[in-house]
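S.K.: Sharing a sequence plus its predicted fold:
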Amino acid sequence: MSKENGLSKYRFVILLAIVPSIISTEMMWLTLAPISSIAEKYYGVSSLSIAMFSMSYMIMYILFSIPASWTVDKFGYRFSLIVGALITAVFGFARVLFADNFTIVLIAQFIIAIGQPFLLNISTKVPANWFPISERATAGGILTMAQYIGFAVPMLLAPMIADQSGIKDVFLVFAIIASISAVIAIVFTKEKPTVAPPGPTAPKDEISVKAMLKLIKNKTFLMVLCICFISIGIFNTLLTLLETILLPRGITSSQAGVIGTVFVLAGIIGAVVLPILSDALHKRTLFFVGNVALLIPIYLAFTFVPNYLLLNVLAGAAGFLTMGVAPILFQHGTEVAYPLPEGSSLGVILLMGQISGALFVYLFDLMQGASGGSVVFPMICIVALTIIELPVALKMQESKLT
């Protein structure tokens with residue numbers, strides 16, 4: 001294994017080998033989201049039933065995040081990666097075999113959702129094993145970017161495939177991609193380099209009830225949890241209900257799909273650019289404050305603006321900021337949680353986001369119904385929640401590892 005300045009060059013191969021599996025699990029999550037009306041007619045079920053495809057990921061993440069984090073820290077990121085990749089591929093094909101039976105397909109979807117935390121919760125463990133501190137936010141940003149690519153792919157592929165050859169072929173294409181991704185992960189990944197990257201050398205706490213209680217008492221980490229609870233919850237709500245939010249203003253379904261794609265693609269750019277800047281400047285909290293301060297007027301404008309082009313601009317800005325700062329926030333969370341293992345701290349962070357995601361989606365629908373179908377009041381609540389984040393972000397301090 002070749003090395004450069006004490007670091008393994010193979011660390012970049014590791015990242016590239018992991019990316020396809022992360023893309024695959026997110027593709028499975030949003031398979032039916034851009035073709036929900038087609039799926040409703042095909043299966044003869046309600047919109048809520050189709051929405052359960054997306055909700056399955058939030059529900060199963062809440063249940064399996066801690067077990068997945070324990071697996072990452074106990075057996076290593078590679079074992080967790082292979083478990084998640086195989087679950088995604090095997091039950092992806094189960095959706096194909098029983099494509100005409102909605103009940104079995106939904107059960108398979110819930111099982112696929114189990115694999116997601118085994119894949120996402122390695123996003124800080126891999127940088128910790130292979131990369132120096134100065135590159136970890138960048139490495140984490142690449143793995144987070146893979147999630148965003150996974151959001152965008154079904155928005156582009158699912159409608160085209162469904163229109164041409166039907167839902168079963170959508171499942172088939174996605175299952176093939178997941179299978180190839182699993183093979184790449186198994187063949188090309190390794191747990192650790194022969195020479196560890198420079199970084200913290202203090203012994204890490206073993207994951208335990210005592211360690212978790214210590215984490216909950218960590219005020220700096222609690223600030224990270226607060227930011228994640230609100231920001232990830234808002235992100236999941238916007239991604240899930242984007243069409244619902246935009247249709248009352250005369251935006252068509254296809255236009256809403258374009259706006260959603262702009263949101264995600266801008267986020268992919270942000271997930272590369274902002275972590276690189278963070279590593280170069282050795283700053284994390286500066287990006288949190290700037291992100292929140294800019295999102296307040298953006299979300300407010302997104303609530304009322306009817307212009308299609310301007311909505312695309314706002315969506316792009318929101319995606320760039322929200323999705324771009326996410327990997328920096330995740331990395332900061334693992335740094336302030338140290339010496340708790342990276343898989344455990346990231347698992348707690350993502351768990352909070354999934355809980356808030358399910359909660360916010362439900363409350364948004366509830367408030368919209370109480371407002372006679374108007375989305376203004378629930379959107380104003382999103383603006384208010386973002387304002388609450390600002391004083392928290394201002395109090396955050398850089399970790400000693402940055």
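M.R.: Right, received. Where do you want to start?

S.K.: hey, where'd the helices end up in the stretch 151-300 of the chain?
M.R.: 167-188, 209-216, 219-246, 253-281, 285-304 (DSSP state H, counting those that start in this stretch).

S.K.: Would you check that Tyr61 makes contact with Pro117?
M.R.: Yes: the criterion here is C-beta atoms under 8 Å, and Tyr61 meets it with Pro117 at 5.3 Å. For the C-beta atoms, the positions are set from N, CA and C on the backbone; glycine is no exception.

S.K.: Neighbours of Pro117, how many?
M.R.: Around Pro117 there are 31 other residues, counting by other C-beta atoms under 10 Å.

S.K.: And Ile111, how far from Trp29?
M.R.: As judged by C-beta to C-beta, to the nearest Å, Ile111 and Trp29 stand 13 Å apart.

S.K.: Phe98 too?
M.R.: Phe98 is 19 Å from Trp29, by C-beta to C-beta.

S.K.: Those two - which one has more neighbours?
M.R.: Trp29 (23 against 16).

S.K.: okay, now the closest residue to the more buried one other than its chain neighbours: neighbour count?
M.R.: Excluding its sequence neighbours, the residue lying closest to Trp29 (C-beta to C-beta, 6 or more residues apart in numbering) is Tyr57, at 4.7 Å. Tyr57 is flanked by 26 other residues according to other C-beta under 10 Å.

S.K.: same deal with Pro391?
M.R.: Around Pro391 there are 9 residues (other C-beta under 10 Å).

S.K.: Tell me how far whatever helix or strand it lives in lies from the chain's centre.
M.R.: Taking DSSP states H and E as the criterion, Pro391 maps to helix 376-395. Mean-position distance between helix 376-395 and its chain equals 20 Å (C-alpha atoms, centre = their mean, to the nearest Å).

S.K.: Quick one: low-confidence residue ranges for the protein.
M.R.: 1-7, 195-215, 253, 339-344, 400-402 (pLDDT under 70).

S.K.: So which residue is smack in the middle of it?
M.R.: Nearest to the mean C-alpha position of the chain, by C-alpha atoms, centre = their mean, lies Gln147 at 5.6 Å.

S.K.: Contacts only, for that residue.
M.R.: 22-23, 26, 120 (C-beta atoms under 8 Å, 6 or more residues apart in numbering).

S.K.: Kindly recompute the last result at 10 Å.
M.R.: 19, 22-23, 25-26, 29, 116, 119-120, 123, 264, 267-268, 271, 323, 326-327 (C-beta atoms under 10 Å, 6 or more residues apart in numbering).

S.K.: Sticking with it, tell me its helix or strand.
M.R.: Assessed by DSSP H and E, Gln147 sits inside helix 133-165.

S.K.: re earlier: filter the contacts of Gln147 down to the ones in helices?
M.R.: The helices, defined by DSSP state H, take in 19, 22-23, 25-26, 29, 116, 119-120, 264, 267-268, 271, 323, 326-327 from these.

S.K.: wait, which of those residues is closest to Phe131?
M.R.: Comparing those against Phe131 with C-beta to C-beta places Pro327 closest, at 12.6 Å.

S.K.: Does the closest one touch Thr124 like I think?
M.R.: Yes: between Pro327 and Thr124 a contact is recorded at 9.0 Å, counting by C-beta atoms under 10 Å.

S.K.: Give the intersection of the neighbour lists for the two.
M.R.: Common neighbours of Pro327 and Thr124 (C-beta under 10 Å, 6+ apart) are 136-137, 139-140, 143.

S.K.: would you list these in CSV and tack on distance to Ala68 and neighbour count?
M.R.: Below are those laid out as CSV (distance: C-beta to C-beta, whole Å; neighbours: other C-beta atoms under 10 Å):
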residue, distance to Ala68, neighbour count
Arg136, 20, 27
Ala137, 22, 30
Ala139, 20, 25
Gly140, 17, 31
Leu143, 15, 22
